[in-house]
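K.L.:
just the structure for this:
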Amino acid sequence: MPLRFWVNVIKNPQFVFDVHKSSITDACLSVVAQTFMDSCSTSPQRLGKDSPSTKLLYAKDLPGYRGWVERYYRDISRMAPISDQDMDAYLGEQSRLHAGEFNTLGALGELYQYVGRYRQEVRPPDPPS
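P.N.:
Modelled structure (predicted):
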């Protein structure tokens with residue numbers, strides 16, 4: 001999950017937030033994403049003078065980061081399992097607590113504008129004759 005979801009969000013914040021990502025920001029986020037991936041890796045890093053600078057920048061900090069990641073997963077494995085009923089109840093409560101925070105009409109308006117702008121690309125293909 002960290003590598004499939006969080007690295008993608010770190011590297012591409014425009015997928016989640018309405019932000020512009022400059023080339024400088026992209027380079028910085030690439031370093032952060034690389035460090036995160038290396039922190040979650042279980043294989044030891046073999047770094048040398050030919051290693052990319054993105055890996056060398058935080059090489060001294062990686063053992064500490066790996067310790068945090070290992071402790072995180074160890075703590076999760078020690079937690080008591082949650083029943084399906086408890087999870088359903090928790091998610092239902094969260095849904096009720098935040099019901100008024102999502103602007104459905106605003107979201108539909110944004111989707112309408114998007115479809116209007118890209119209607120040729122989103123239009124289904126014509127059926128074969």
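
K.L.:
quick one, strands of the chain?
P.N.:
Taking DSSP state E to define them, one finds no strands in the chain.

K.L.:
can you give me the helices in it?
P.N.:
In the chain, the helices defined using DSSP state H lie at 7-11, 23-40, 53-56, 62-78, 84-97, 104-117, 119-122.

K.L.:
outside of the first one, which residues touch it?
P.N.:
Helix 7-11 has contacts (CB atoms under 8 Å, 6 or more residues apart in numbering) with Phe15, Val16, Leu29, Ser30, Val32, Ala33, Phe36, Met37. Every C-beta, even on glycine, is put in place using the N, C-alpha and C of the backbone.

K.L.:
may I see the residues you listed organised as a markdown table, with distance to Ala99 and neighbour count added?
P.N.:
Shown next, in a markdown table, are these (distance: CB to CB, whole Å; neighbours: other CB atoms under 10 Å):
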| residue | distance to Ala99 | neighbour count |
| --- | --- | --- |
| Phe15 | 25 | 9 |
| Val16 | 21 | 9 |
| Leu29 | 33 | 17 |
| Ser30 | 38 | 13 |
| Val32 | 34 | 14 |
| Ala33 | 34 | 19 |
| Phe36 | 33 | 19 |
| Met37 | 37 | 16 |
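
K.L.:
using CSV, lay out the residues you listed together with distance to Leu62 and pLDDT.
P.N.:
Output for these, formatted as CSV (distance: CB to CB, whole Å; pLDDT from 0 to 100):
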residue, distance to Leu62, pLDDT
Phe15, 26, 87
Val16, 26, 86
Leu29, 18, 93
Ser30, 16, 91
Val32, 13, 92
Ala33, 14, 91
Phe36, 11, 91
Met37, 11, 89
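
K.L.:
which one of these is nearest Tyr114?
P.N.:
Closest approach to Tyr114 among those (CB to CB): Phe15, at 14.3 Å.

K.L.:
give me every residue that touches the closest one.
P.N.:
With CB under 8 Å, 6+ apart, Phe15 has these contacts: Asn8, Val9.

K.L.:
against Asp84, how distant is it?
P.N.:
According to CB to CB, to the nearest Å, Phe15 stands 30 Å off from Asp84.

K.L.:
how about stretch 7-25: buried residues?
P.N.:
Val7, Ile10, Lys11, Pro13 (16 or more other CB atoms under 10 Å).
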